[in-house]
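In: what's the 3D shape of this:
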Amino acid sequence: MGITTTRAAWVPGVAAAAGAAVVAWGISALLPAVPLLTAAVALGIIVAQIPAAQSLLSGILAPGLALSSRRLMRIGVVLLGFKLSLFDVVSLGWGVFLSTVTIVLLTFGGTWLLGRAFKLPGSEPLLIATGFAICGASAIGAMSGVVRAPRSEQAQPVALVTLCGTLAIVVLPALWHPLALDSLQFGHWVGASVHDVGQVVATAQIAGGSALAVALVVKLTRVVMLAPIVAVAAVVERRRFTASPEMSKPPLVPLFVVGFLAAILVRTFLDLPEPVLSGLDGIQTALLAMALFGLGAAVNLRRLLTTGWRALAVGVLSWVLIAALALGAVHLFS
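Out: Take a look at the predicted model:
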């Protein structure tokens, strides 16, 4: 009886997230420059600022939105692995591969230190570092599942990574020619510095198909780093619970990380038919859109703009850091 009641409580929020994902798809279809997942997060943020909607978001919709932002996010991250082939990563060459890994690690470490220096609360330094260094709001959702961060702690990192990633769609193309980059160099820069995969596509495509191809491979190489970084965080988090036997320890390696790695291996070594890959991509995008709407709906924009200036400063500095590191790598390996 209790399980049935709980499941029934999920329905309104999950249905709202699904409807929002459809609306986000429509926005992206009408405005191709707006990635679907960015539209989903932005839609959640906008809805959360409407006074009439706030009671619904904190009431009847809350259980389903929490489920979407947690469980559906993890399933979406697993399916994200089917986008990645290790052969594509190897095709970059060791120089570009190692520079990409180095950029991720330096951005992650630098952003985490900035978050600590600005005295951000709870897991916010870790979540912002994960989002800016790896793959935006999806990475924040994955990391939050490991460190058990509440949606309230995820809200500001999600808003910041969405804001900076959206600005990148405009700012990076404006700097393309002034920085004297050719199309392949521009694609490399975009892939190494822009946060979300959809934002990478929207930014790099203006330089042509070759630039987009390079950008996607470099970007997906960054996504591969999600597994080891989240796994290390899980080990650290597990040690924190050693002194508290009454609290259950998180798994040594989260199940969704194992699934993510398994999906990468399947994509690498099995020749999956294109319709299957397209279907998995569609499901993955839909699940992440629902999850990101749920995360966006937890954002208090007024709080971010008035009392969240420290988080805003960390986000902007992290964005500048990764863009500068990526630009240096482009010039080093071009």
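In: give me the low-pLDDT residue ranges for the stretch 151-300 of the chain?
Out: Confidence mapping of the stretch 151-300 of the chain against pLDDT under 70 gives the ranges 238, 240-253.
In: Can you show me the helices along it?
Out: 151-176, 183-193, 197-204, 209-224, 226-240, 255-269, 274-296 (DSSP state H, counting those that start in this stretch).
In: for the first one, which positions count as buried?
Out: Using 16 or more other Cβ atoms under 10 Å as the test for burial, helix 151-176 gives 151, 153-166, 168-169, 172-173, 176. No exception for glycine: its C-beta is placed from N, CA and C like everyone else's.
In: and what of the fifth one?
Out: By neighbour count on 16+ other Cβ under 10 Å, the buried set for helix 226-240 is 226-227, 229-231, 233-234, 237.
In: Distance from the chain centre to it, please.
Out: Put simply, helix 226-240 sits 17 Å off its chain's centre (Cα atoms, centre = their mean, to the nearest Å).
In: what's the longest helix in this protein?
Out: helix 2-30 (DSSP state H).
In: neighbouring contacts of the next helix or strand after it?
Out: Next in sequence after helix 2-30, counting helices and strands by DSSP states H and E, comes helix 36-48. With contact meaning Cβ atoms under 8 Å, 6 or more residues apart in numbering, helix 36-48 is reached by 20-21, 23-25, 27-28, 53-54, 57, 136-138, 158-159, 162, 165-166, 196-199, 202, 285, 288-290, 292-301.
In: C-terminal to helix 36-48, which secondary structure element comes first?
Out: helix 51-58.
In: what about the closest residue to residue 198 other than its chain neighbours, neighbour count?
Out: Spatial nearest neighbour of residue 198, chain neighbours left out: residue 35 (2.7 Å); criterion: Cβ to Cβ, 6 or more residues apart in numbering. Close neighbours of residue 35, defined as other Cβ atoms under 10 Å, add up to 26.
In: correct me, but residue 35 touches residue 205?
Out: No. The pair residue 35 / residue 205 is not scored as a contact, 10.9 Å apart, by Cβ atoms under 8 Å.
In: Nothing else from me, thank you.
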